[in-house]
Every structure is written in structure tokens, then in C-alpha cells.
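# what would the 3D arrangement of this be:
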Amino acid sequence: MSSFHSAWTHRLEKNHPPRRHDGLLELIGDTPLVRLSAVTRELPEDVQVWVKLENMNPGGSVKDRPARQIFGDALEEGKLGDGQVLIDATSGNTGIAYAMIGAALGVDVELVMPTNVSPQRKQIVQAYGAEIVYSDPMEGSDGAIRLVREIVEEDQEGKYFYADQYRNPSNVRAHEMSTAPEIWEQTAGRITHFVASTGTSGTVMGTGRGLKSFNPDIQVIGGQPSDSFHGLEGLKHMPTSIQPGIYEEEELDDIRWIDTDDAWDMADELARREGIAGGYSSGANVVAALEVAQTLESGLVVTVICDHSDRYIGE
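Model prediction:
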């Protein structure tokens with residue numbers, strides 16, 4: 001019997017019963033952690049790189065976590081639930097998560113997105129019933145932020161709840177409360193480094209804080225595009241962008257600067273050599289994680305597969 005077949009026979013013999021859930025929101029989180037093998041072959045024997053498969057959330061991305069937290073906190077605080085429309089700026093993935101959760105909870109959602117976001121993301125949010133307001137494609141995510149703020153400022157009737165993912169502490173809290181403890185448990189406390197590139201920065205800030213609460217020696221590294229004119233949708237070159245209010249750079253132990261071509265090439269390599277089809281921000285994360293891993297003699301580095309490549313096919 002092959003080792004592959006033997007491993008799966010062993011898993012099947014455990015006879016785990018299939019789980020059932022009372023609602024969609026229960027499916028968010030508890031995502032698998034997978035060790036990379038092909039792209040890490042040149043690393044020292046005692047250095048490992050693992051990826052959290054956030055593309056296995058029901059909405060297909062890491063953004064399901066903060067979206068759920070934002071909805072939950074707003075409902076608890078009475079900011080949603082009386083007919084208010086949730087509105088926010090997004091480059092796509094958070095918008096999909098908002099639209100999905102809004103549909104599940106019966107809350108209307110309106111999204112401000114750059115016109116040039118991928119057709120796939122536009123179609124997905126519209127399938128969930130969300131409305132889209134388009135911002136200038138040349139201004140990227142910053143243009144969407146400026147436009148949504150204008151819309152909210154002109155709202156005199158209290159129509160909107162402005163989720164404001166770039167400044168909302170619920171974004172960070174989601175990862176501090178869920179992503180970090182999951183990684184800690186999945187690595188049996190052996191994680192030494194956590195790496196995540198920055199868009200809203202919620203993933204790296206929240207997961208980093210949560211992990212450091214378990215072990216302050218864990219190194220938390222942020223990744224950023226290496227220049228302002230980059231092709232990594234959803235990520236921010238902080239020196240030239242509207243900086244998210246939740247971003248606290250002094251809490252990071254290091255920053256890695258990522259070239260667009262390297263991230264795109266790594267996304268392709270992950271699909272072809274690891275069978276993991278992530279988007280370009282996922283490629284950026286793995287590029288940064290491998291750079292960190294290459295400086296180590298021993299260690300366990302964890303990063304994130306943010307979403308699935310099917311949202312970028314055809315771009």
C-alpha cells in the first residue's frame with residue numbers, strides 16, 4: 001500500500017462524523033493549516049513554512065472573519081438591525097463577505113468599489129443582492145475610501161451604518177479572537193514567526209497581538225508592495241496610501257517589501273507545485289514568509305492564503 005493511500009486510510013478509519021451547523025456564520029473560521037513542501041525544499045531541515053487556508057471560508061477569503069465580527073458587534077451595539085444599510089469601501093473580498101453575511105442576516109449591503117475590480121468579484125457580490133457604487137479606477141482603494149466617506153457625510157437620515165473596515169477595531173478583534181488561537185493550537189505552540197501582507201492590516205495586527213499574548217517572543221512581520229504603483233489588489237503601500245486607523249506599525253517586528261512580479265509568480269508556483277490556488281496577495285504572503293524562513297536556522301513560519309485564484313482568472 002502506498003504511503004499516500006495508507007495516510008488516507010488511517011484518516012478514514014478515525015470515522016469523524018460529518019459536522020452540521022445551525023447557520024452559515026458558524027462555518028467561518030476553523031480553517032486548515034497546511035505545510036508547504038515543494039517551494040520550501042531549499043530551506044534548512046529545521047525550518048518549516050505553513051499556510052492557513054483562509055480561502056476555505058464560506059465566502060472564500062480571510063475577510064469572512066472581520067466581516068462577521070463587524071456585523072456581530074454592530075448588531076449588539078444597536079447600529080444595525082433597524083433597517084440600516086451597511087456600507088463600506090472594499091476592493092472585493094470584504095465586500096463579498098459583507099454581501100454573503102448580509103444576505104444570511106437579512107441586512108441590506110451597499111459597497112463602494114473601484115470600477116476596475118475583477119468582474120468575478122462584482123458578479124459575486126451582486127449575486128448576494130448587494131448594491132455597488134463605483135469609484136474612480138485610477139484612485140484604487142483610496143478612491144473608494146474617499147467616496148464612501150462623502151456618501152456617509154451626506155447621509156442626513158441615518159440610512160447607513162458605515163462599517164469602516166480600515167478603522168473599525170472589530171477588524172483586528174476578529175483575528176485576535178479566532179485566527180491567532182487557531183494557529184497557536186494547530187502548531188502546538190511551536191510557531192516562531194507570523195507573516196501577513198497589509199491591506200486594511202487587520203490580519204497582521206489582530207493575529208499578531210493574539211499570538212504575542214500566547215508567547216511574546218513570536219515575531220510578527222508585515223509585508224507591503226515595494227512601490228506605490230503595484231499590481232497587488234487589496235494591498236497597500238503604506239508610505240503613499242491612506243493609512244488605516246487600525247495599523248500600528250510599531251507593533252511589527254519587521255516589514256518585507258514585495259515586488260508585484262514575485263508575488264504573481266509565487267501564486268502560479270503555489271498552484272502548480274503545491275496544489276494551492278491562491279490569489280496574488282497569497283503569493284505576496286508566501287514570498288515574504290520564504291524570505292523570513294531563509295534567514296533562520298530553525299523555526300516555524302506561518303502565513304495566510306487569503307483567497308482563491310478564481311477571483312483573478314482572466315485579469
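
# ranges for the strands of the stretch 201-315 of the chain?
Assigned by DSSP state E, counting those that start in this stretch, the strands in the stretch 201-315 of the chain fall at 219-225, 254-258, 299-305.

# mind listing residues that contact the shortest one?
Outside strand 254-258, the residues that touch it by C-beta atoms under 8 Å, 6 or more residues apart in numbering are 195, 197, 219, 221-226, 232, 249, 284, 287-288, 291-292. Quick note: C-beta positions are derived from backbone N, CA and C, even for glycine.

# mind running it again at 10 Å?
For strand 254-258, the external contacting residues (C-beta atoms under 10 Å, 6 or more residues apart in numbering) are 193, 195, 197-198, 204, 219-227, 230, 232, 235, 237-238, 249, 266, 280-281, 283-292, 295.

# buried stuff in that strand?
Residues of strand 254-258 classed as buried: 255-256, 258 (neighbour count, 16 or more other C-beta atoms under 10 Å).

# CA atoms only for that strand, dumped as CSV, please.
C-alpha atoms of strand 254-258 as CSV (Å, rounded to 0.1, in the frame of the first residue of the first chain):
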residue,chain,number,x,y,z
ASP,A,254,9.8,43.7,10.7
ILE,A,255,8.5,44.7,7.3
ARG,A,256,9.2,42.9,4.0
TRP,A,257,8.8,44.7,0.7
ILE,A,258,7.3,42.6,-2.1
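
# residue 26: how many residues sit nearby?
When neighbours are defined as other C-beta atoms under 10 Å, residue 26 has 13 of them.

# where does residue 216 fall, phi/psi-wise?
Backbone torsions of residue 216, given as degrees, to the nearest 10, read phi -60, psi -10.

# pLDDT wise, what is it at?
Residue 216 carries a pLDDT score of 98 in this model.

# where do the helices sit along the stretch 151-300 of the chain?
Secondary structure of the stretch 151-300 of the chain (DSSP state H, counting those that start in this stretch): helices at 169-174, 180-186, 202-214, 260-269, 280-293.

# can you put these in JSON lines and add mean neighbour count and distance to residue 104?
JSON lines is the format used below for those (neighbours: other C-beta atoms under 10 Å; distance: least, C-beta to C-beta, whole Å):
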{"stretch": "helix 169-174", "mean neighbour count": "24", "distance to residue 104": "17"}
{"stretch": "helix 180-186", "mean neighbour count": "19", "distance to residue 104": "22"}
{"stretch": "helix 202-214", "mean neighbour count": "24", "distance to residue 104": "21"}
{"stretch": "helix 260-269", "mean neighbour count": "18", "distance to residue 104": "30"}
{"stretch": "helix 280-293", "mean neighbour count": "27", "distance to residue 104": "25"}
